[in-house]
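>>> Curious how this folds, go ahead:
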Amino acid sequence: MTRNMQNNDEQTPWSLKNILLNEVVLLCVFVVTVAGILWFSNNYFVITRHDAPSILKYSMITVFLLAFIAQLDNSNCK
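Okay, here's the model as predicted:
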């Protein structure tokens, strides 16, 4: 019975291990990207009211790219 359940778990693409691995990878990419944006903004221009919209624009582009990657990843699991 246990062996049969393990075989079924390996065949299903939505196993908990795959989901957690995908979430951890996306979280790491998100953290690295946000840290890179903050590092870039602190080193190359002073954050003022004039520069804030550009930082917001970069962060929104990053969020949309991550959502697009997650959508591609989810479509591959079907």
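>>> Identify the residues contacting residue 62.
30, 33, 34, 37 (Cβ atoms under 8 Å, 6 or more residues apart in numbering). The way it works is simple: take the backbone N, C-alpha and C, and place the C-beta from them, glycine included.
>>> Of these - the most surrounded one?
residue 33 (17 neighbours; other Cβ atoms under 10 Å).
>>> OK, contacts around that one?
62, 66.
>>> Please identify the helix or strand for it.
helix 16-44 (DSSP states H and E).
>>> what's the model's confidence in that helix, averaged?
Averaging pLDDT along helix 16-44 gives 77.
>>> now do stretch 62-71
79.
>>> Dump it to PDB, restricted to CA.
C-alpha atoms of stretch 62-71 as PDB (Å, rounded to 0.1, in the frame of the first residue of the first chain):
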ATOM      1  CA  THR A  62       9.900  42.900 -11.500                       C
ATOM      2  CA  VAL A  63       6.700  41.800  -9.900                       C
ATOM      3  CA  PHE A  64       5.000  41.300 -13.300                       C
ATOM      4  CA  LEU A  65       8.000  39.300 -14.600                       C
ATOM      5  CA  LEU A  66       7.900  37.100 -11.500                       C
ATOM      6  CA  ALA A  67       4.200  36.500 -12.000                       C
ATOM      7  CA  PHE A  68       4.800  35.700 -15.600                       C
ATOM      8  CA  ILE A  69       7.500  33.200 -14.700                       C
ATOM      9  CA  ALA A  70       5.200  31.600 -12.100                       C
ATOM     10  CA  GLN A  71       2.400  31.300 -14.700                       C
END
